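Asker: What would the 3D arrangement of this be:
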Amino acid sequence: MKQISIFVLLACIITLTACSVKPSAELFCVSDKIAPPDSPAFALNASIPDDAEALTEEDGERVIYDQGDYTIFREAFRAESADAALRTVTGRDRKSLQVIRLSAYPQEEYRFSWTAAGETGDLACCGKLLYDGTTCYSICFECPAELENIYRSAFYHILSGAHLEPV
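Answerer: Reported below is the predicted structural model:
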C-alpha cells in the first residue's frame, strides 16, 4: 500500500511540475466621452392640421405654424436637463407649471400647461416635451384663453400622437 501511494505521489509530482500558474491578464477600461452629434438624431413627428400654415421653414430645429385661432411651435434643441428644457420652452420654472411625467423610457415624456399674457388678452398654452438626455423635442399650442375649450380635444389628440422618428 505504501508503494502505491509513493507511486501516486511521484506521478503527481512529475505531472504537476509541467503545470504552472499563469499570470492574470491585465484588464483595463477605456472611458471616452462621446460628443453628441451636432444635429438631432430624431425628428418630432406630429399631425399638424391642414389649415395651419407654416410661418418658418422646416429646418428640423424650429417650425411655427399659424392656424388663425391658435399657433403651434415645434422645435428641437440641446438641453442640460428636462427642467432646463421646460424653462426654455415655456419661459417658466417647473414649479410654476402644471407638469405631468408620462414615461421615462426610451425618452422622458412630459405634458404641461400654463397661461400667459398676450397682446389681445390671456393665452392658454399646452405642450409635450420628449427628452433623450441631450436633446429636447417639443410641440406646444397657444390660443386665446376663451377658445381653449373649443380646441382642447384637438390639442390632446395631436399631442398624444406626437412621437420621435429616426432622422
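Asker: Tell me where the chain has helices.
Answerer: 2-16, 82-90, 148-161 (DSSP state H).
Asker: How far does the shortest one sit from its chain's centre?
Answerer: Think helix 82-90. 13 Å (CA atoms, centre = their mean, to the nearest Å).
Asker: Once you drop chain neighbours, what's closest to Val63?
Answerer: Arg74 (4.8 Å; CB to CB, 6 or more residues apart in numbering). Every C-beta, even on glycine, is put in place using the N, C-alpha and C of the backbone.
Asker: How about Ile48?
Answerer: Ile48 sits nearest to Tyr65 (CB to CB, 6+ apart), 5.7 Å away.
Asker: now stretch 120-140, how far from the centre of its chain.
Answerer: 13 Å.
Asker: then it to PDB, C-alphas only?
Answerer: Only the C-alpha atoms of stretch 120-140 are listed here, as PDB (Å, rounded to 0.1, in the frame of the first residue of the first chain):
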ATOM      1  CA  THR A 120     -55.100  90.800 -27.000                       C
ATOM      2  CA  GLY A 121     -55.700  89.000 -23.700                       C
ATOM      3  CA  ASP A 122     -54.800  85.900 -21.800                       C
ATOM      4  CA  LEU A 123     -53.400  82.900 -23.700                       C
ATOM      5  CA  ALA A 124     -53.900  79.200 -22.800                       C
ATOM      6  CA  CYS A 125     -50.800  77.100 -23.600                       C
ATOM      7  CA  CYS A 126     -50.100  73.400 -23.500                       C
ATOM      8  CA  GLY A 127     -47.400  71.200 -24.800                       C
ATOM      9  CA  LYS A 128     -45.500  67.900 -24.900                       C
ATOM     10  CA  LEU A 129     -41.700  67.500 -24.300                       C
ATOM     11  CA  LEU A 130     -39.600  64.500 -25.200                       C
ATOM     12  CA  TYR A 131     -36.100  64.500 -23.700                       C
ATOM     13  CA  ASP A 132     -33.500  61.900 -24.600                       C
ATOM     14  CA  GLY A 133     -30.800  63.000 -22.200                       C
ATOM     15  CA  THR A 134     -29.100  65.600 -24.600                       C
ATOM     16  CA  THR A 135     -31.800  66.800 -26.900                       C
ATOM     17  CA  CYS A 136     -35.300  68.200 -26.200                       C
ATOM     18  CA  TYR A 137     -38.100  67.800 -28.700                       C
ATOM     19  CA  SER A 138     -41.200  69.800 -28.000                       C
ATOM     20  CA  ILE A 139     -44.500  70.700 -29.500                       C
ATOM     21  CA  CYS A 140     -46.700  73.500 -28.000                       C
END
